[in-house]
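Pasted the sequence and its predicted model underneath.
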Amino acid sequence: MDENENKKLDLADICANYGGAIIGGLVALLLCFTGLYKLLITVVVVIAGVILGNYIQKNKTSVKEKLKEFIDKV
């Protein structure tokens, strides 16, 4: 009987330690099987574009200097 209790504790420990990873994997599978990953990728790209545009607008001079340095290297 002690072996069965140890197995239950081990399973409980695994669920406690890796519960987030298990849930994340299930959500990823759900996104892949339903095709929602296309929407998710689109949303991520749009948000990244908004953040990049905002950064460039607020830091025009530093971005301009860094871009000139990069072009000169190439």
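Done, it's in. Not measured: the values here are computed from a predicted model.

Could you chop this protein up by domain?
Split into domains by automatic domain parsing, the chain comes to 1-34, 35-74.

pull the longest helix from the chain.
Of all segments of type helix in the chain, defined using DSSP state H, the longest is helix 2-34.

for it, packing partners?
Helix 2-34 sits against no helix or strand, with contacts defined as 3 or more C-beta pairs under 8 Å, 6 or more residues apart in numbering; DSSP states H and E. Backbone N, C-alpha and C define where each C-beta goes, glycine included.

In it, which residues are buried?
For helix 2-34, the buried set under the neighbour-count rule, 16 or more other C-beta atoms under 10 Å, is empty.

from the middle of its chain, how far away would that helix be?
20 Å (C-alpha atoms, centre = their mean, to the nearest Å).

just to revisit the earlier point, any idea which of the domains of the chain has the lowest pLDDT on average?
Ranked by mean pLDDT, the domains of the chain bottom out at domain 1-34, with a mean of 79.

separation between the spatially most central residue of the chain and residue 59?
Residue closest to the average C-alpha location in the chain (C-alpha atoms, centre = their mean): residue 44, at 9.4 Å. According to C-beta to C-beta, to the nearest Å, residue 44 and residue 59 sit 22 Å apart.
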